[in-house]
Structures are given as structure tokens and as C-alpha cells.
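# predicted model and sequence follow; I will ask about them next.
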Amino acid sequence: METYRPRRSVLYIPASSDKALAKIAQLACDAIIIDLEDAVAPADKIAAREKLAGIFAGHSERRCEMIVRINAISGEWGADDLLAAASCEPDGILLPKVDTPRDLLEAGDVLDDNFTPDSVKLWAMIETPKALLNIGAIAELGRDPASRLNCFVAGTNDLVKETGILATPDRRYLVPWLMQMVLAARAGGIDMLDGVSNDFRDLDAFAHECAEAAAMGFDGKSLIHPAQIEAANRAFVPSTEAVAEARSVKEAFALAENAGKGVIALNGRMVERLHLAQAEKLLAKAAAIGS
Ligand SMILES: CC(C)(COP(=O)(O)OP(=O)(O)OC[C@H]1O[C@@H](n2cnc3c(N)ncnc32)[C@H](O)[C@@H]1OP(=O)(O)O)[C@@H](O)C(=O)NCCC(=O)NCCSC(=O)C[C@H](O)C(=O)O
Ligand SMILES: [Mg+2]
């Protein structure tokens, strides 16, 4: 079974920003996304791609998961980005503007054809109307290890742009689609990361958005600024109350009198073995994050 790797805080770092790249070793985020796409101006795309090898050589002892977001494979730079990223053997390659399962399968074929180790996973941005209409079929790939699909990342800026909905502070018009993403990710057995919050100076609003995203079932949040890391790490960790509750469920089912029982009463509540499985998963997550 794959060891659980927390993805509470996943920070985008523009490959064109040497200042930002210089911070990689000192950041407390669970993962970083070296961005070749929207954070990098067209004039800088090729130079940014050519920096990848040096970036990864400089972080041979990876403090956290290192992901590369390439440009859309259908565009001018994507195909060469994919080969350059694969040669660095990152923990994952994030595909933007994914519309259908075919987009992921074709990228996976290129990685296989170039003998890229299985350890290099594929992540998918969910940020187009077509991706949302096809999200069930895309998520299904997560059940097939050969697809390498390992994580979804919400792209709320592109979704707002492509759909014309009003972006409000409470994200009320995005929430239905965000919940659909969580549902699909669960069906596919993969992680689901919330989109970014552009207002990187308002950390109160950001902490509230993280709390909402955690309540919605997201595994973590994609970030644009180091100041957002601490609030994300705090929000996407099981609360002390939840850990205590999970421990009491586990202890109750461990009692000899409950051995073999499918359902028990605990503190006035019905508790079934599905709740035990839920509790064990939460305790494993809390332990992994604690360590
Ligand atoms: C938004 C920014 C341009 C703001 O940068 P800046 O004005 O430099 O902010 P600060 O002065 O507060 O920066 C303080 C120091 O922190 C460093 N910094 C800033 N951002 C990062 C970062 N992401 N990673 C590492 N370090 C960072 C600055 O260099 C300063 O360092 P120093 O001067 O030495 O103290 C900037 O935050 C930024 O570029 N953020 C990333 C933007 C990005 O990657 N965008 C693409 C992903 S978002 C997206 O596309 C989502 C999705 O596709 C969708 O559709 O929604
Ligand atoms: Mg986007």
C-alpha cells in the first residue's frame, strides 16, 4: 500500500522566478509545483523549461514532493515540456487544461515510450467546462495504476474565465463544481486539491477558505504565496476532537465484547465498522502528518 503523503499545502513556484526558486529548501509546504504554464510569460517559456534540470539537480534530497506543471500538450510548448519534465523524474507532472481521459492517456504513453519510471505520476488540472462534464471518466483512470493518475488540482481562475460565472468571496457559484471534483476524486481513489486564492494579502479570508475546503473534503489547497502555507497546513489536518473520537471508536471495537459485531452503541451513537475504517484512515493521516 502506498505510504500516505500529506498534500495540505502545495505551492506554485514560477520556474522563471529565481528569487522564488531559491526558497524551495526553506518552505514548510507539503509539495511544490514548479510552474512552466500560466506563471511564465510566453517569451520566457523555453528558458524556464531549460532551467528544470538545474532545479532538480539542486534538490536531489527532496524535502517535499516536487511536481512540474507543463504547458498544454496541444499548445506550442507542451510536448517538449513533457519530455524535459520527465527527464528530471519529478514526483509528478501536472497537465493543465485537461478535457478528456485521452489527454492523460496520451501523456502517459509518452512517459512509457520514454521509459519514465512509474514513480513519476500524472496530476490533472480540472479547470475547463469539458473536464467537468467528463470528470467521472477522467477520475476512473485513478483506479488503474498504469495511468499514473494520482491527483486532481482545481483551476478556479480558468473555470471562472471559461464559464463567465461571477467570482465571489464565498465562491458560491463555484462550490457545486468543487463538490463534483471531490466526489469524482473519491470515486477514482485520488487526492483532490482546492484551487488558489488570488488575494494573497488577506490571510483571514484565506484561512476561512481553507476551513471551508477542508469541510468540503479537499485533501489540501494549491497556493500562490509562502504566506499561505501555515494556514493551509493548519486547516487540512484532523482536529484534536476528530482524533479523540477516532481513537474511542477504535478502542470500542477492540473490546472483546465487541469482537465480531457489525454495529455497536458508543456514547449514545450508532457506530458501524465503516466508522471504524473511517477512524483508522483518519488516525493514519494524523500520524503521517505528525511524523
Ligand atoms: C503573486 C506574486 C507575483 C507576488 O509576488 P511578490 O510581489 O514578490 O510578493 P512578496 O513581495 O510578498 O514576496 C515575498 C517573498 O516571497 C517570495 N515569493 C512570492 N511568491 C512566491 C512563491 N510562489 N514561491 C516562492 N517564493 C515566493 C518573493 O520572491 C519574495 O521573496 P524575497 O523578496 O526574497 O523576500 C507571487 O507570489 C507569485 O508569483 N506567486 C505565484 C504565481 C503563480 O505561480 N501562478 C500560477 C499558478 S495559479 C494558477 O494558474 C491556478 C490555476 O491554473 C487556475 O486556473 O486557477
Ligand atoms: Mg489555470
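Received the coordinates, thanks. Numbering: from 1, shown residues only. Ligands and ions are numbered 1, 2, ... in the order given.
# could you use CA atoms for every contact and neighbour count after this?
Will do.
# get me the contact residues on this structure for ligand 2.
Counting by CA under 5 Å from the ion, the chain comes close to ligand 2 at 155, 158.
# helices of the chain, start to end?
18-21, 45-57, 78-87, 101-113, 129-133, 135-140, 156-163, 175-188, 203-215, 229-235, 240-254, 273-290 (DSSP state H).
# which other helices and strands contact the third one?
Applying 3 or more CA pairs under 8 Å, 6 or more residues apart in numbering; DSSP states H and E, we find helix 78-87 packed against helix 45-57, strand 92-95, helix 101-113.
# from these, which stretch is densest packed?
Of all the helices and strands packed on helix 78-87, strand 92-95 has the most neighbours on average by mean count of other CA atoms under 10 Å, namely a mean of 26.
# next up, phi/psi of residue 259, please.
phi -60, psi 130 (degrees, to the nearest 10).
# that one: how many residues sit nearby?
10 (other CA atoms under 10 Å).
# now it: how far from ligand 2?
50 Å (CA to the ion, to the nearest Å).
# who touches that residue in this structure?
By CA atoms under 8 Å, 6 or more residues apart in numbering, the contact set of residue 259 is residue 253.
# contacting residues for residue 220?
Taking CA under 8 Å, 6+ apart as the criterion, residue 220 is in contact with 7-10, 192-194, 213-214, 232, 236.
# swap that for residue 232, please
Taking CA under 8 Å, 6+ apart, one finds 8-9, 207, 210, 220-221 in contact with residue 232.
# same question, residue 219
Contacts of residue 219 (CA under 8 Å, 6+ apart): 7-8, 191-194, 236.
# repeat that for 10 Å
6-9, 151, 182, 190-194, 213, 235-237 (CA atoms under 10 Å, 6 or more residues apart in numbering).
# what parts of the stretch 1-150 of the chain come near ligand 1?
Applying CA under 6 Å from any ligand atom, one finds that the stretch 1-150 of the chain approaches ligand 1 through 12-14, 19-20, 23, 38-39, 127.
# make a PyMOL selection of whichever of those turn out to be buried.
Of these, the buried ones go into a single PyMOL selection, burial set by 16 or more other CA atoms under 10 Å:
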select buried, resi 12+13+14+39+127
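# wouldn't residue 204 be in contact with residue 227 here?
No. Counting by CA atoms under 10 Å, residue 204 stays clear of residue 227, with 11.4 Å between them.
# and those two? Which one has more around it.
residue 227 (14 against 10).
# burial count for the nearest residue to residue 249 once chain neighbours are set aside?
Leaving aside its sequence neighbours, residue 249 sits nearest to residue 276 (CA to CA, 6 or more residues apart in numbering; 6.1 Å). Residue 276 has 19 neighbouring residues, counting by other CA under 10 Å.
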